[in-house]
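Participant: Need coordinates for the below:
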Amino acid sequence: MVKPRFDILGIGNAIVDVVAPVPDDFLAAHAMHKGAMALIDAGMAETLYAAMPPAQEVSGGSAGNTCAVAAALGAKVAYFGKVAEDQLGRVFRHDITAAGVHFPTAPLVDAAPTARCLILVTPDGQRTMNTFLGACVTFGPEDVDADLVADSAVTYLEGYLFDPPAAQAAFYAAAAAAHRAGRQVALSLSDAFCVERHRDAFRSLVEGHVDILFANETEITALYQTDFAEAVERARADVALAALTRSEAGSTIIRGAETHHVAAMPTALVDSTGAGDAYAAGFLAAYTAGLGLAKCGALGSLAAAEVISHYGARPQRALGEELAKIAAQG
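Facilitator: The predicted structure is shown next:
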């Protein structure tokens, strides 16, 4: 098989992340549930943005974060996601491109504005997300470049994007293009909220079209409506490979009869935003470099530990040498 141009191609909600520290009473004043993700309209997005303290603003969205972290680790990365031809859209495009990610998707013109996620981080490190999807929901099969999918070792699908029917069609189109080319498809379940809304559709996608599954404990147990131990076995039967994270308890990686338990990397928790995204980035960067599963999990844990040690979902220190270090370990 011809070596692909890209190691990872992410497909997801193209969102500008706005991350700010807030006290607990800020959440109470705005009737928010700590740790939850809520969808908001344009009016609420403007009101809440105005009330927030000074914030960090970067290109984001779950798959966008994964792509940026993977690029920081040295992987060759591309990304599909819809932004508008507006100020935030230009910010998103410049930021993700500057991170080393190829971003060819054409912007949306004279329609919904670019999406943004307002992320409120309380002193305990928990993040509460309020998301205005805007242009994201217009992503469809016509935005899937089948040639670029075929030129990517792994196409990584973000569960948050799965809500609109057009996006679901795009997932199936991308998966078909990847498999026609002999490539692999990865899926992140993203959030138990997503799973509860689309459980049957997610199961169908996982069982018939996904090679690599990423989920945390809450998401995988929601998918199979059972406890973690049984969910592990269900996932083992449904996909070739699954990486299931359990916060400070580390991760469980399964492939066929293999099971690997990988410890979490110790660190001080400042902001949990993007932990799962970074784990997937580290895992896939190692996986597409041909490393064993335990090393894939170790790099995933290292990447996750780095991003939760500060505000925001992107690394604040160079990670380019980390892949080589883990590869060299016995």
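
Participant: Now do A150 against A176, distance only.
Facilitator: According to CB to CB, to the nearest Å, A150 stands 11 Å off from A176. The C-beta positions use only the backbone N, C-alpha and C, and glycine is treated the same way.

Participant: now the residue nearest to T259 when sequence neighbours are not counted, what's its secondary structure?
Facilitator: The spatially closest residue to T259, leaving aside those adjacent along the chain, is T252, at 6.7 Å (CB to CB, 6 or more residues apart in numbering). Following DSSP: H, G, I helix; E, B strand; the rest coil, T252 is assigned to strand.

Participant: count of neighbours near A263?
Facilitator: Number of residues near A263 (other CB atoms under 10 Å) recorded here: 12.

Participant: What about P104, how many residues nearby?
Facilitator: Residues lying near P104 (other CB under 10 Å) number 10.

Participant: Contacts only, for it.
Facilitator: By CB atoms under 8 Å, 6 or more residues apart in numbering, the contact set of P104 is 78, 80, 145, 148.

Participant: Now, those residues that are in helices?
Facilitator: Using DSSP state H, the members of the contacts of P104 that fall within helices are L148.

Participant: and which of the contacts of P104 is nearest to A201?
Facilitator: F80 (20.1 Å; CB to CB).

Participant: Worst mean pLDDT across the helices and strands of the chain, which element?
Facilitator: One helix or strand of the chain scores below all others by mean pLDDT, DSSP states H and E: helix 322-328, with a mean of 77.

Participant: Please, where are all the helices along the stretch 151-300 of the chain?
Facilitator: Per DSSP state H, counting those that start in this stretch, the stretch 151-300 of the chain carries helices over the ranges 165-180, 192-197, 199-209, 217-224, 228-238, 275-288, 293-308.

Participant: now the angle from the third one to helix 165-180?
Facilitator: Between the direction of helix 199-209 and that of helix 165-180, the angle (axes from the mean of the first three to the mean of the last three CA atoms, to 10 degrees) works out to 20 degrees.

Participant: in terms of contact count, name the helices or strands touching helix 199-209.
Facilitator: helix 165-180, strand 184-188, helix 217-224, helix 228-238 (3 or more CB pairs under 8 Å, 6 or more residues apart in numbering; DSSP states H and E).

Participant: and the last one, which residues are buried?
Facilitator: Residues of helix 228-238 classed as buried: 231-232, 234-236, 238 (neighbour count, 16 or more other CB atoms under 10 Å).

Participant: and what of the first one?
Facilitator: Neighbour-count burial for helix 165-180, counted by 16+ other CB under 10 Å, picks out 167-168, 170-175, 177-179.

Participant: which ones among the contacts of P104 are found in strands?
Facilitator: 78, 80 (DSSP state E).

Participant: Give me the buried entries from the contacts of P104.
Facilitator: 78, 80, 145, 148.

Participant: list the contacts for the residue lying closest to H102 once chain neighbours are set aside?
Facilitator: Closest residue to H102 apart from its sequence neighbours, by CB to CB, 6+ apart: A78 at 4.1 Å. Going by CB under 8 Å, 6+ apart, A78 touches 6, 8-10, 67, 101-104, 148, 152.

Participant: Tell me how many other residues surround L244.
Facilitator: Using other CB under 10 Å: L244 sits among 22 other residues.

Participant: That one contacts T218, correct?
Facilitator: No: under the criterion of CB atoms under 8 Å, L244 is not in contact with T218, lying 10.6 Å apart.

Participant: Please name the residues that touch Y279.
Facilitator: 214, 243, 245, 251, 300-301, 303-304.

Participant: just to revisit the earlier point, looking at the buried ones among the contacts of P104, which is nearest I40?
Facilitator: When the buried ones among the contacts of P104 are ranked by distance to I40 (CB to CB), F80 comes first, at 24.3 Å.

Participant: Next one, pLDDT for that closest one please.
Facilitator: At F80, the model reports a pLDDT of 98.

Participant: Kindly report the same for Q316.
Facilitator: pLDDT, Q316: 69.

Participant: again, but for V307
Facilitator: In this model, V307 is scored at 85, pLDDT.

Participant: for the one 3 residues further on, same thing?
Facilitator: Among the per-residue scores, H310 shows a pLDDT of 78.

Participant: Repeat that for D86.
Facilitator: At D86, pLDDT is 90.

Participant: ok, it touching A112?
Facilitator: No: checked against CB under 8 Å, the pair D86 and A112 is beyond contact range at 9.6 Å.

Participant: what's the distance between V137 and V109?
Facilitator: Taking CB to CB, one finds V137 at 16 Å from V109.
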